[in-house]
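**Student:** Prediction below, plus the sequence it came from.
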Amino acid sequence: MKIGLKNLEKSQVEMEVEISPGEFQEFIDRAVFKLGENIEMKGFRKGRVPKEIIKEKIGTESLLTEAANLAVRSTYQRAVKEKNLEVISRPEVNILKMAEGNPFVYKAKFLVLPQVELPDYKKIASDVRKKEVEVKDQELENVLKWLQKSRSKMSVKLGPAQKGDFIEIEYNSSQLEKPETDAFILGQGQFLPGFEKVLFGLKAGEEKKEVPVSFPENHYRKELAGKEIKVNLKVNSVKKVEIPELTDDFARSLGRFKSLQDLKDSIKSGLKAEKEQVELQRIRAEVLEKIAAKVKVEVPKVLIEKEQERMLEDLKTQIQQRMGLKFEDYLKRIYSAKRSKTSAEQFNGTEKLEEDLKKSFLSQAEKRVKEYLVLRSIGEKENIEVSEKEVEERANQILRQHQNKNWVQKDSDSSSLAEGSRVDPEKLKAYTKEIIRTEKVFAVLESFMQH
């Protein structure tokens, strides 16, 4: 097989492939077998009709067309792999020569990942400064207070409600569709200003009539935002909140801690680790953004469109997982919010809103693709490699982390990375390999930074 390459503008490549008459004859024979499988002829069993009769019945043009299709499908991928091309689009195929007893020649035009002319990324990285992180006393105190509250106990209180008591109430009004209930710790500003003050001094079972309540302009319930209504309220229960003291015993009650100081040290260590991770992500973003800003590369439209599509799919997953909403219901909310005069019931489809969302991702998608190309080019220049062992170990780690989501392991036959509750092992490997490669590139860049 002979392969010729010609670089065109805008990351296009034209590849000419020529296969010998002998190899093309093999594809002709395969085409005869394939097209003749279902031919029935008196005197011959199905699939046993002689080749010469099949060729005569099918016709030369149809036979050569099928042979050409088989030849292109078989040789195109081999040629791309042999020339180590990173193709990012479907090929446009043009057959140049196709005749029995002659070489078979075709051209394929496609897009490849563009070449990136890198700036002095080592110098850029060396100018980025990593900040020292510290944990403030107040941050430690906030975590300790949260732990105290999480271990607090409640007991029924017969006396009047005071600051710090847990109170359960119900209230109604002619301006509310139905009676409302709520529960909160009194005095922490968790309820409407003004309303909460009325509750001080009330006992369980006591009621208040015609209490004026003002709702702020930004209240989440639009029908009440900026309004003042009068409500009748009743205190259903008052409970005293008993918060445990910060002692060695309290620390030991949490599990593996020997003392209060041991607990404080552990919290401080955890907070510092979190801050260091945040700082690491910050400097990675900064150095990558600075390098990408000095790179001139025409990002292929097809890559941007793929990234926009991926961002949309990610959003759909997040809406489902975090909000528990179907994506169409989420779009209805957007539609209703944008057109307050039009009810959500008049919403008539997702296509336009999905397209609008994808358009809104354009600049971010272009930025992401450009940064990906930069990282990939630095990886090539630094000769960064990822071993099969590294990929396998990380892929197994990812699978273990997601085993509660019923992802199956390597024997999955799914066609996508996470289709339903299954995972495609080959796509998982490719995904994992890219993660490891990216981490290694960032490690190289971080080695040039000032600390």
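**Tutor:** Alright, I've got the coordinates.
**Student:** Point out where the stretch 301-450 of the chain drops to low pLDDT.
**Tutor:** For the stretch 301-450 of the chain, residues meeting the criterion pLDDT under 70 lie at 335-350, 403-422, 450.
**Student:** those helices in this protein, which residues are they?
**Tutor:** According to DSSP state H, the chain carries its helices in the segments 21-36, 51-58, 60-82, 121-126, 137-150, 195-199, 248-253, 260-293, 301-318, 327-338, 351-360, 362-381, 388-401, 425-447.
**Student:** The third one to helix 51-58, inter-axis angle?
**Tutor:** The reference is to helix 60-82. Interaxial angle, helix 60-82 versus helix 51-58 (axes from the mean of the first three to the mean of the last three CA atoms, to 10 degrees): 100 degrees.
**Student:** before we move on, what about the fifth one?
**Tutor:** In terms of direction (the same axes, to 10 degrees), helix 137-150 departs from helix 51-58 by 90 degrees.
**Student:** before we move on, back to that, could you redo the helices of the chain as CSV and give each row distance to Ile95 and mean neighbour count?
**Tutor:** Placement of C-beta: from N, CA and C, glycine included. Listed next are the helices of the chain as CSV, based on distance: least, CB to CB, whole Å; neighbours: other CB atoms under 10 Å:
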stretch, distance to Ile95, mean neighbour count
helix 21-36, 11, 17
helix 51-58, 18, 14
helix 60-82, 6, 16
helix 121-126, 44, 18
helix 137-150, 69, 13
helix 195-199, 79, 17
helix 248-253, 77, 15
helix 260-293, 41, 15
helix 301-318, 24, 16
helix 327-338, 43, 16
helix 351-360, 36, 14
helix 362-381, 33, 18
helix 388-401, 38, 14
helix 425-447, 31, 17
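**Student:** of the ones you listed, which approaches Pro114 most closely?
**Tutor:** Among the helices of the chain, the nearest to Pro114 by CB to CB is helix 362-381 (6.7 Å).
**Student:** which other helices and strands contact that closest one?
**Tutor:** On a contact count with 3 or more CB pairs under 8 Å, 6 or more residues apart in numbering; DSSP states H and E, helix 362-381 meets helix 260-293, helix 301-318, helix 425-447.
**Student:** Dump the helices of the chain to TSV, plus distance to Glu14.
**Tutor:** Shown next, in TSV, are the helices of the chain (distance: least, CB to CB, whole Å):
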stretch	distance to Glu14
helix 21-36	21
helix 51-58	32
helix 60-82	12
helix 121-126	32
helix 137-150	60
helix 195-199	74
helix 248-253	71
helix 260-293	29
helix 301-318	17
helix 327-338	41
helix 351-360	31
helix 362-381	22
helix 388-401	33
helix 425-447	27
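**Student:** Among those, which comes closest to Leu111?
**Tutor:** Short answer: helix 301-318, nearest of the helices of the chain by CB to CB, at 6.1 Å.
**Student:** Give me the contact list for the closest one.
**Tutor:** By CB atoms under 8 Å, 6 or more residues apart in numbering, the residues outside helix 301-318 that reach it are 88-89, 111, 327, 354, 357-358, 361-362, 364-366, 368-369.
**Student:** among these, which two are most distant?
**Tutor:** For these, the farthest-apart pair by CB to CB is Leu111 and Phe327; their separation is 30.3 Å.
**Student:** Can you measure across stretch 96-109, start residue to end residue?
**Tutor:** 13 Å (CA to CA, to the nearest Å).
**Student:** Same question for stretch 248-258.
**Tutor:** Criterion CA to CA; first-to-last residue distance in stretch 248-258 is 7 Å.
**Student:** still on that earlier bit, got JSON lines for the helices and strands packed on helix 362-381, with distance to Val391 too?
**Tutor:** Output for the helices and strands packed on helix 362-381, formatted as JSON lines (distance: least, CB to CB, whole Å):
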{"stretch": "helix 260-293", "distance to Val391": "22"}
{"stretch": "helix 301-318", "distance to Val391": "21"}
{"stretch": "helix 425-447", "distance to Val391": "5"}
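**Student:** closest one to Lys136 among those?
**Tutor:** Closest to Lys136 of these, according to CB to CB: helix 260-293, at 9.1 Å.
**Student:** In terms of secondary structure, what does that closest one contact?
**Tutor:** When contacts are defined as 3+ CB pairs under 8 Å, 6+ apart, helix 260-293 packs onto helix 121-126, helix 137-150, helix 248-253, helix 362-381, helix 425-447.
**Student:** Output the ones you listed as a markdown table; include the columns distance to Glu170.
**Tutor:** A markdown table is the format used below for the helices and strands packed on helix 260-293 (distance: least, CB to CB, whole Å):
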| stretch | distance to Glu170 |
| --- | --- |
| helix 121-126 | 61 |
| helix 137-150 | 24 |
| helix 248-253 | 35 |
| helix 362-381 | 46 |
| helix 425-447 | 51 |
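**Student:** Quick one: closest of the helices and strands packed on helix 362-381 to Pro119.
**Tutor:** Proximity to Pro119 (CB to CB) singles out helix 260-293 among the helices and strands packed on helix 362-381, at 6.4 Å.
**Student:** Okay, angle between the closest one and helix 425-447 too, please.
**Tutor:** Here helix 260-293 runs at an angle of 90 degrees relative to helix 425-447 (the same axes, to 10 degrees).
**Student:** what's the average pLDDT for helix 260-293?
**Tutor:** Taken as a whole, helix 260-293 has an average pLDDT of 95.
**Student:** before we move on, what about stretch 11-31?
**Tutor:** For stretch 11-31, mean pLDDT rounds to 93.
**Student:** mind saving the C-alpha coords of that stretch as PDB?
**Tutor:** The C-alpha trace of stretch 11-31 is given here as PDB (Å, rounded to 0.1, in the frame of the first residue of the first chain):
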ATOM      1  CA  SER A  11      -5.600  21.800   9.500                       C
ATOM      2  CA  GLN A  12      -6.800  19.800   6.500                       C
ATOM      3  CA  VAL A  13      -4.900  16.900   5.100                       C
ATOM      4  CA  GLU A  14      -5.300  15.100   1.800                       C
ATOM      5  CA  MET A  15      -4.200  11.500   1.800                       C
ATOM      6  CA  GLU A  16      -3.800   9.500  -1.400                       C
ATOM      7  CA  VAL A  17      -3.800   5.700  -1.000                       C
ATOM      8  CA  GLU A  18      -2.900   3.200  -3.700                       C
ATOM      9  CA  ILE A  19      -3.300  -0.500  -3.300                       C
ATOM     10  CA  SER A  20      -1.900  -3.100  -5.700                       C
ATOM     11  CA  PRO A  21      -4.100  -5.000  -8.300                       C
ATOM     12  CA  GLY A  22      -3.600  -8.200  -6.400                       C
ATOM     13  CA  GLU A  23      -4.900  -6.700  -3.100                       C
ATOM     14  CA  PHE A  24      -7.800  -5.000  -4.900                       C
ATOM     15  CA  GLN A  25      -8.700  -8.300  -6.400                       C
ATOM     16  CA  GLU A  26      -9.100  -9.700  -2.900                       C
ATOM     17  CA  PHE A  27     -11.700  -7.000  -2.200                       C
ATOM     18  CA  ILE A  28     -13.400  -7.800  -5.500                       C
ATOM     19  CA  ASP A  29     -13.700 -11.400  -4.400                       C
ATOM     20  CA  ARG A  30     -15.100 -10.400  -1.000                       C
ATOM     21  CA  ALA A  31     -17.600  -8.200  -2.800                       C
END
